[in-house]
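Asks: give me the fold of what follows.
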Amino acid sequence: MGAPQQDIHLNTKAKDQQTYDAIVIGSGISGGWAAKELCEKGLSTLLLERGRNVEHVKDYPTAFLNPWDFEHRLRITEKDKAENPIQSLAYDEGNKLFYVNDREHPYVQRHGAFNWFRGYQVGGRSLTWGRMCYRWSDLDFEANAKEGIGVDWPIRYKDIEPWYDYVEDFVGISGQPEGLPHLPDGQLLPPMEMNFLEKHFKEQVQKHFPGRCVTIGRVANLSRGWKGRGPCQYRNLCSRGCPFGGYFSSNSATLPAALATGNLTLRPFSIVAEILYDKDKKRATGVRIIDAMTHESREFYAKVIFLNASTIASTAILLQSKSPEFPDGLGNTNGLMGHFLMDHHLRVGAQGLYKGFMDEYYSGRRPNSLYIPRFRNLNAATARTDYLRGFAYQGSATREGWNEQSGMLPGFGPDFKNQLTAPGPWRMWMGSWGETLPYAENKIALSADKKDRWGLPVVEIDFSFQSNEQHMRKDSQQCAAEMLESSGFTDVSEFDYHAPGGTAVHEMGTMRMGHDPRTSLLNSQNQLHDVRNLFVTDGSCMTSSACQNPSLTYMALTARACDFAVGELKKGNI
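Replies: Okay, the predicted model is just below:
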């Protein structure tokens, strides 16, 4: 046991108080945004994080290490695999420090496998995310209503468009405008450059498949200095933490902005056990936390609460928050809390060799991929009869290095070494990220008998992909192969690694937005229907999953909800 956790008081006037204007639970991508927005709007804000503190630059100890500086040369040991069977699927020696220990943070996979990757520290998974940022369109927001799937989104693109503008201007997203109505352009910094073979691939796809667009990914890596951060150094070591601020994270961007206001109090090692509720006022009054180090309980109070602990954790907190008024969890009057869990399905596509351009190479380690936006089920001409919705590709072309060639080239001695140190042939891979429909049976719940080390019930997860996703995977696999073959690639091979849910780390749903309190948990402003001063703006609020990476939408929804919440607070409505 350590000493009792002390608050990190960035607002010295709040040193002894337990009451704030706002409490934000979770410091990841959406929580960091909530803290920034609420602090900048003048609210004294307590930010609760269940893990340790991570300070920008200071707490990135592996950022400048070479592969040979690590004991196992970045490899994962058998001990790692045994102790962390889930997390070790995502980390290496360089970024292991930003992932939880599976033994210390168990969960139950009930029916179907689900990889729940977690980072319990200030900044959360904003330190390790993939950084791809794409807007949604009304193709996505209208799909449920048009197809009779799930419930209708209570917002449309026009409602969130100005907030996409707002967050993009702060984040800094590099990319190429393409004028696609189903993938709206935004406030983009100059795009990163494709390499020689990728440009060739783009030209060939445009020639053979006119309805398909190949573009450079839109990514929260700064192609030039922005807001005092960056630019990206093309090291491609983002998941270790970037001392240059070359990519967006809570640690490098939103939390420093919140700190600058003097309104932020950050409290790490604070596990939220429940949200407190006043039945007479019909409002949330605060939270009860368990100190992660001492196991002591403490309560904090606020006028407005933002829940941003990430999809599964946020829903678990609400399910834990029981009272006579809400015996099944705070706000869970319709019994839907925890249902309709979604994640993108991925690790399916194709790869191939290209015999040519041997006198061409590329510079640096670009931390970004190609992107091929969705081209299925956009209209009658692209409609499929075997599945709904669609998929998008990410991919890249590289030249093989010594590690790829060492197992294929025969020989030994100086000549063999010279062969290995010369660049090998070009290879390209492309994999699809596909939309998963919201199914009631994909859900989370609290275990009735298993507790964690803090006495809280562990999460149980039920999840499986269904026939719609399986048909989509087959099509995406075949489309990848045909594009490579039409572009002159040889030795083209399709792959499907049958990755379980959670692998994309895009978990969504379980607290969906909607028009009707009988069929949804949150309204159009991300307010809990039954508790008007409680807002949920992380992935749990999503009503469908689209096929685009979702974090940009979380950020926009968070900024929008903060603006609304402060307005309602000033009016005395919450």
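Asks: what separates the helix or strand where residue 266 lies from the chain centre, distance-wise?
Replies: Element membership for residue 266 (DSSP states H and E) is strand 264-267. Centre-to-centre, strand 264-267 and its host chain are 23 Å apart (CA atoms, centre = their mean, to the nearest Å).
Asks: OK, contacts around residue 483?
Replies: 201, 204-205, 208-209, 212, 430 (CB atoms under 8 Å, 6 or more residues apart in numbering). Glycine gets a C-beta too; all of them are placed from N, C-alpha and C.
Asks: now it: how far from residue 143?
Replies: Look at residue 483 and residue 143: by CB to CB, to the nearest Å, they are 25 Å apart.
Asks: whatever helix or strand residue 276 lives in packs against which elements?
Replies: Per DSSP H and E: residue 276 is located in strand 270-278. With contacts taken as 3 or more CB pairs under 8 Å, 6 or more residues apart in numbering; DSSP states H and E, strand 270-278 sits against strand 283-291, strand 297-307, helix 311-320.
Asks: what's the angle from the first one to strand 270-278?
Replies: This points to strand 283-291. If you take axes from the mean of the first three to the mean of the last three CA atoms, to 10 degrees, strand 283-291 sits at 150 degrees to strand 270-278.
Asks: look up how far residue 376 lies from the nearest residue to residue 537 once chain neighbours are set aside.
Replies: Distances taken as CB to CB, 6 or more residues apart in numbering place residue 558 nearest to residue 537, at 4.1 Å, with adjacent residues excluded. According to CB to CB, residue 558 and residue 376 sit 30 Å apart.
Asks: and the two? Which one has more around it.
Replies: Taking other CB atoms under 10 Å, residue 558 and residue 376 do not tie; residue 558 has more neighbours (31 against 20).
Asks: that one and residue 254 touch, don't they?
Replies: No - look at residue 558 against residue 254 with CB atoms under 8 Å: they stay out of range, at 9.8 Å.
Asks: overlap of the contact sets of the two?
Replies: The contact sets of residue 558 and residue 254 overlap at residue 33 (CB under 8 Å, 6+ apart).
Asks: could you look up the SS state of the residue nearest to residue 537?
Replies: The three-state label given to residue 558 by DSSP: H, G, I helix; E, B strand; the rest coil is helix.
Asks: what residues are up against residue 307?
Replies: Counting by CB under 8 Å, 6+ apart, residue 307 touches 25-26, 275, 314, 317-318, 534-538.
Asks: reformat the residues you listed as JSON lines; add distance to residue 447 and pLDDT.
Replies: Shown next, in JSON lines, are the contacts of residue 307 (distance: CB to CB, whole Å; pLDDT from 0 to 100):
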{"residue": "25", "distance to residue 447": "21", "pLDDT": "99"}
{"residue": "26", "distance to residue 447": "22", "pLDDT": "98"}
{"residue": "275", "distance to residue 447": "20", "pLDDT": "98"}
{"residue": "314", "distance to residue 447": "17", "pLDDT": "98"}
{"residue": "317", "distance to residue 447": "15", "pLDDT": "98"}
{"residue": "318", "distance to residue 447": "16", "pLDDT": "98"}
{"residue": "534", "distance to residue 447": "24", "pLDDT": "98"}
{"residue": "535", "distance to residue 447": "27", "pLDDT": "99"}
{"residue": "536", "distance to residue 447": "22", "pLDDT": "99"}
{"residue": "537", "distance to residue 447": "27", "pLDDT": "98"}
{"residue": "538", "distance to residue 447": "22", "pLDDT": "98"}
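Asks: of those, which is the most crowded?
Replies: residue 538 (34 neighbours).
Asks: now do that one against residue 28, distance only.
Replies: Look at residue 538 and residue 28: by CB to CB, they are 8 Å apart.
Asks: which residues do the two both contact?
Replies: Common neighbours of residue 538 and residue 28 (CB under 8 Å, 6+ apart) are 308, 310.
Asks: would you map the helices across this protein?
Replies: All helices of the chain, identified by DSSP state H, fall at 29-40, 78-83, 138-141, 143-147, 157-171, 196-208, 255-260, 311-320, 402-405, 413-421, 467-486, 551-571.
Asks: from residue 131, how far off is residue 171?
Replies: Taken as CB to CB, the span from residue 171 to residue 131 is 10 Å.
Asks: which residues sit in contact with residue 517?
Replies: Counted by CB under 8 Å, 6+ apart, residue 517 has contacts 333-334, 523, 529-530.
Asks: let me see the confidence value for it.
Replies: Turning to residue 517, the model gives it a pLDDT of 98.
Asks: for the stretch 351-500 of the chain, just list every one of the strands.
Replies: 370-372, 391-399, 426-434, 443-451, 457-462, 490-496 (DSSP state E, counting those that start in this stretch).
Asks: can I get those in a markdown table including distance to residue 518 and mean neighbour count?
Replies: Shown next, in a markdown table, are those (distance: least, CB to CB, whole Å; neighbours: other CB atoms under 10 Å):
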| stretch | distance to residue 518 | mean neighbour count |
| --- | --- | --- |
| strand 370-372 | 39 | 23 |
| strand 391-399 | 32 | 22 |
| strand 426-434 | 30 | 23 |
| strand 443-451 | 18 | 15 |
| strand 457-462 | 23 | 20 |
| strand 490-496 | 39 | 14 |
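Asks: want to throw those into JSON lines with distance to residue 270 and mean pLDDT?
Replies: Putting the strands of the stretch 351-500 of the chain into JSON lines (distance: least, CB to CB, whole Å; pLDDT from 0 to 100) gives the following:
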{"stretch": "strand 370-372", "distance to residue 270": "38", "mean pLDDT": "98"}
{"stretch": "strand 391-399", "distance to residue 270": "36", "mean pLDDT": "97"}
{"stretch": "strand 426-434", "distance to residue 270": "34", "mean pLDDT": "98"}
{"stretch": "strand 443-451", "distance to residue 270": "19", "mean pLDDT": "98"}
{"stretch": "strand 457-462", "distance to residue 270": "18", "mean pLDDT": "98"}
{"stretch": "strand 490-496", "distance to residue 270": "42", "mean pLDDT": "98"}
